[in-house]
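J.: Got a sequence here, can you build the structure:
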Amino acid sequence: MKKYFKKLSPKLREIIRQAQKVSGQTKMPAYLVGGALRDLILGVKNLDLDITVEGDGILFAKQLAKRLKSEIIIHERFKTASLIFPGQLKLDIATTRREEYPSAGALPVVGPGALREDLRRRDFTINALAAKISLAEGEEIIDLFAGQDDLAAGRIRILHTLSFKDDPTRILRAVRFSQRFGFKIEPKTLKLLKEAISEGLLDQVNSHRLRDELILVLKELKPFKPIKALGRLGALSFIDPKLKIGKTTQDLFRAASVELDWFVKNFPARRQLDSWLVYFALLLFPLTLAQIKTVIARLGLRQGEGKRLISYYQGRNKLIAALSRKQLTPQQVFLFLEPLSYETIILLRATSKNINLKKYLSDFLEIYNGMRLCICGDDLGGLGILPGPEYQKIFAKVLAAKLNGQVKSRQSELALIRRLVITDQQKRS
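T.: Numbers count the residues shown, from 1 in each chain. Now for the predicted structure:
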C-alpha cells in the first residue's frame, strides 16, 4: 500500500500521516476506503478522501481537525464528519456501520457495524476496498469482494442481487462510473440494472436524491457519454417521460463544452461556473417552458438554479434576435447582458452561431461586465443636486457615456454631470 500512498500529493500525505497518529493515540483502527482508494489504485486524481473508523468517527474527526487546523462539519445522524481544506480538498470521516433498507429507494436505517458490514453496504466491488492506515497494524489493502480483480478487468459489479432495489440511484452511478473509466457493467449486474429500470424503481426514490445523482453525472468531464447511455436504458424518464437523447443533444453538449473551456481560459479570475447547470439546460432543450418549470419544481432545484434556467428559456429567442443585429452600442449590449448570469451567457453562445452575438458577448465579458462609475451620491450632493429620483437618471446617463467611451475618468464623469445640470437648468428657465 505504501507504493500507492507515495503517489499522493504532499498535502494528502500529510493528512494521512496525521490520521495515522490520531488512530494510534485513540486506539481506533482507521481505513482509507471508497472512491479515494479506487482512484489511488487506478492512478486517477481525486481531491476527496474517505476514512472509515472502527470506534467513534466523530471523535476521530474532531481530533484530526484540531491537528490539521481545518474546518469541520458534523453529521450526527450518520456518525460522520467532513473536514474542509482550501483548494476544494475534502476529507469525509465515518464510523463503520451497517445499513438496512426498509423498502426500495428508502433511506437506510443505520446501525453500528464491523468493517465487513461497512464494506458490504457499498454500491460496487471497486468501491468496497479498504486500506489500513493505523500505525500499529501497518498498511494493507483489504479486499473482501474481489474489487481489485474487477478494477484490473474493467468491470462494474454490485455486491449482492438486491443492490439496485435497496438503492435505485446506483443505476445512475453504475453508468457514470462505467463511462468515466471505460469499464463494462458485468452481465448479471446489467441484467439486474435493466430489471430495476423496467420495474420503475427510480420512481420510488426521493426526487432530491435523483437530482443530486443527476448533477454528479452532469459534472463528469464528458457528461454526454453517461447521459447517452442512461437515455438508451430508459433511466432518464424521472426528468420527463418525453425526454429524448439524440444528435441534437450531443451537438449542444459539444458546443457547450467549447464555450465553457473558452470562458475558463479567457476569464480565469471570474467565479467558477456551474457547468452542470449549463448541460442540464441543454438536456431540457426539447421541452416547453411549462414542462421545464415542472421539472425544476419536481427535482427541487435551488432557487438560484431554477431562476437561471427560466431566465435563459424565457428570454432566449428575444436575446438571440436582438444580439444578432449589427452595430449595437456598448450601452445596448450592457443593458441586455448585465442582468444575466454567466451560465446564461454561455448558453447563448452555445446555441447561436451568429458572429455578431458572439462578439457582443465576448466584448461584454472582456470590457463592460461589472463596469462601475467613479462618482457617487456625495459627488452629486456636492454639486447642489438634492437627493431623489434625479440621481438615478444622472447615473444612468453617465454610465451610458462611460460604456460608449465618452467619459473615461472621475474628472470627465464630474464634467459631464455639470453639463447635464446646466442643460437641465436651461430647459427649466
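J.: drop to CA atoms for contacts and neighbour counts, all remaining ones
T.: Noted.
J.: residues touching residue 31, list them.
T.: 51, 52, 53, 130, 131, 132, 133, 134 (C-alpha atoms under 8 Å, 6 or more residues apart in numbering).
J.: Residue 96 is in contact with the second one, correct?
T.: Okay, so that is residue 52. Yes: with contacts counted by C-alpha atoms under 8 Å, residue 52 reaches residue 96, the gap being 5.8 Å.
J.: so what's residue 12 up against?
T.: With C-alpha under 8 Å, 6+ apart, residue 12 has no contacts at all.
J.: so how many other residues sit close to residue 115?
T.: For residue 115, the neighbour count with other C-alpha atoms under 10 Å is 20.
J.: go on, residue 62?
T.: Residue 62 has 21 neighbours, counted by other C-alpha under 10 Å.
J.: That one looks like it's in a helix, true?
T.: Yes: using DSSP: H, G, I helix; E, B strand; the rest coil, the assignment for residue 62 is a helix.
J.: what packs against the lowest-mean-pLDDT helix or strand in the chain?
T.: When each helix and strand of the chain is scored by mean pLDDT, DSSP states H and E, helix 2-5 comes last, with a mean of 72. Helix 2-5 is packed against helix 34-42, with contacts defined by 3 or more C-alpha pairs under 8 Å, 6 or more residues apart in numbering; DSSP states H and E.
J.: Now do the buried residues in the helix it packs on.
T.: 34, 35, 36, 37, 38, 40, 41 (16 or more other C-alpha atoms under 10 Å).
J.: Next: stretch 295-314.
T.: For stretch 295-314, a neighbour-count test (16+ other C-alpha under 10 Å) marks 295, 296, 299, 300, 301, 306, 308, 309, 310, 312, 313 as buried.
J.: Dump those into CSV; add pLDDT as well.
T.: Shown next, in CSV, are the buried residues of stretch 295-314 (pLDDT from 0 to 100):
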residue, pLDDT
295, 95
296, 95
299, 95
300, 93
301, 93
306, 94
308, 93
309, 94
310, 94
312, 94
313, 94
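J.: So which of those is the closest to residue 70?
T.: The shortest gap between residue 70 and any of the buried residues of stretch 295-314 belongs to residue 301, at 29.8 Å (C-alpha to C-alpha).
J.: so is the closest one in a helix, a strand, or just coil?
T.: Secondary structure assignment for residue 301 (three-state DSSP): coil.
J.: right, and residue 83 touches residue 68 too?
T.: No: contact criterion C-alpha under 8 Å: residue 83 and residue 68 do not qualify, at 9.2 Å.
J.: So which of those two has more stuff around it?
T.: Taking other C-alpha under 10 Å, residue 83 and residue 68 do not tie; residue 83 has more neighbours (21 against 15).
J.: What residues are bridge-paired with the more buried one?
T.: residue 72, residue 91 (DSSP bridges).
J.: Tell me who's in contact with it.
T.: Neighbour list for residue 83: 61, 65, 70, 71, 72, 73, 90, 91, 92, 93 [criterion: C-alpha under 8 Å, 6+ apart].
J.: Residue 326 is in what secondary structure piece?
T.: Residue 326 belongs to no helix or strand when assigned by DSSP states H and E.
J.: Please tell me how far it sits from residue 356.
T.: 6 Å (C-alpha to C-alpha, to the nearest Å).
J.: Repeat that for residue 34.
T.: To residue 356, residue 34 is 49 Å away according to C-alpha to C-alpha.
J.: do the same with residue 337
T.: 14 Å.
J.: of those two, who's got more company?
T.: residue 337 (20 against 16).
J.: thought that one was touching residue 363?
T.: No: the criterion here is C-alpha under 8 Å, and residue 337 misses it with residue 363 at 10.8 Å.
J.: Low-confidence regions, the stretch 251-400 of the chain specifically.
T.: Residue ranges of the stretch 251-400 of the chain with pLDDT under 70: 371.
J.: go again using 80 as the cut-off
T.: Residues of the stretch 251-400 of the chain meeting the criterion pLDDT under 80: 368-375, 379, 383-396.
J.: domains of this protein?
T.: 1-153, 159-237, 247-368, 377-428 (automatic domain parsing).
J.: Can you tell me the SS state at residue 278?
T.: helix.
J.: tell me the contacts of it?
T.: 256, 343, 344, 346, 347.
J.: In CSV, could you pull the C-alpha coordinates for stretch 163-180?
T.: Taking Å, rounded to 0.1, in the frame of the first residue of the first chain, the C-alpha atoms of stretch 163-180 are listed here in CSV:
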residue,chain,number,x,y,z
SER,A,163,-28.4,-3.8,-4.5
PHE,A,164,-30.5,-1.8,-7.1
LYS,A,165,-33.7,-2.5,-5.1
ASP,A,166,-32.1,-1.2,-2.0
ASP,A,167,-30.8,2.0,-3.7
PRO,A,168,-32.0,2.6,-7.3
THR,A,169,-29.8,5.6,-7.6
ARG,A,170,-27.0,3.1,-8.1
ILE,A,171,-28.3,2.8,-11.6
LEU,A,172,-27.1,6.3,-12.4
ARG,A,173,-23.9,5.6,-10.5
ALA,A,174,-23.1,2.4,-12.4
VAL,A,175,-23.5,4.1,-15.7
ARG,A,176,-21.5,7.1,-14.6
PHE,A,177,-18.5,5.0,-13.4
SER,A,178,-18.6,2.8,-16.4
GLN,A,179,-18.5,5.7,-18.8
ARG,A,180,-15.9,7.6,-16.8
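J.: Quick one: residues in contact with that stretch.
T.: Stretch 163-180 is contacted by residues 101, 103-106, 123, 155-156, 183-185, 192-193, 196, 201-202, 205, 209-210, 213-214, 217, 220, 222, 225-226, 229-230, 235 when judged by C-alpha under 8 Å, 6+ apart.
J.: Could I get the average pLDDT for that stretch?
T.: Averaging pLDDT along stretch 163-180 yields 97.
J.: Show me how far that stretch is from its chain's centre.
T.: Here stretch 163-180 is found 19 Å from its chain centre; the criterion is C-alpha atoms, centre = their mean, to the nearest Å.
J.: still on that earlier bit, out of the buried residues of stretch 295-314, which comes closest to residue 427?
T.: residue 312 (42.3 Å).
J.: Next up, the contacts around the closest one.
T.: Counted by C-alpha under 8 Å, 6+ apart, residue 312 has contacts 344, 347.
J.: Name the helix or strand for it, please.
T.: Here residue 312, judged by DSSP H and E, is contained in helix 303-323.
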